[in-house]
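A.B. asks: All I have is the shape, not the residue letters:
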């Protein structure tokens with residue numbers, strides 16, 4: 001009789017474990033789905049950031065084209081922007097020369 005009770009308790013514990021396993025698997029699936037959603041959201045936000053940075057860059061160029069800076073701060077920003085752009089162009093030219101030489 002004790003053996004039957006012991007077997008029955010083992011079966012009950014096994015059923016509980018199986019139920020917990022199913023719950024954990026469901027939660028895992030839900031978490032994976034949430035992760036994918038969040039990753040897509042991050043990609044979307046990164047694309048938005050890139051687009052906004054490009055718009056900001058174009059706005060700076062348009063401001064420079066509109067005329068001289070109105071304040072010393074804007075003049076410094078303009079100089080920094082121009083130095084950065086010139087350095088970027090020089091790097092790109094150097095890369096092109098290196099490609100042509102190889």
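C.D. replies: Here it is on my side, so go on. Note that this is a predicted model, so its numbers are computed, not measured. Numbers count the residues shown, from 1 in each chain.

A.B. asks: now stretch 7-17: mean pLDDT?
C.D. replies: Mean per-residue pLDDT for stretch 7-17: 95.

A.B. asks: What does the pLDDT read for residue 74?
C.D. replies: So residue 74 comes in at 69 (pLDDT).

A.B. asks: And residue 77, by the same measure?
C.D. replies: Residue 77 carries a pLDDT value of 77.

A.B. asks: where does it fall, phi/psi-wise?
C.D. replies: With angles defined as degrees, to the nearest 10, residue 77 sits at phi -60, psi -40.

A.B. asks: again, but for residue 57
C.D. replies: According to degrees, to the nearest 10, residue 57 has phi -60, psi -50.

A.B. asks: Now do the same contact list for the most centrally placed residue in the chain.
C.D. replies: Computing the C-alpha centroid of the chain and ranking residues by Cα atoms, centre = their mean puts residue 42 first, at 4.5 Å. Applying Cβ atoms under 8 Å, 6 or more residues apart in numbering to residue 42 gives no contacts. Using the backbone N, CA and C atoms, a C-beta is placed for each residue, glycine as well.
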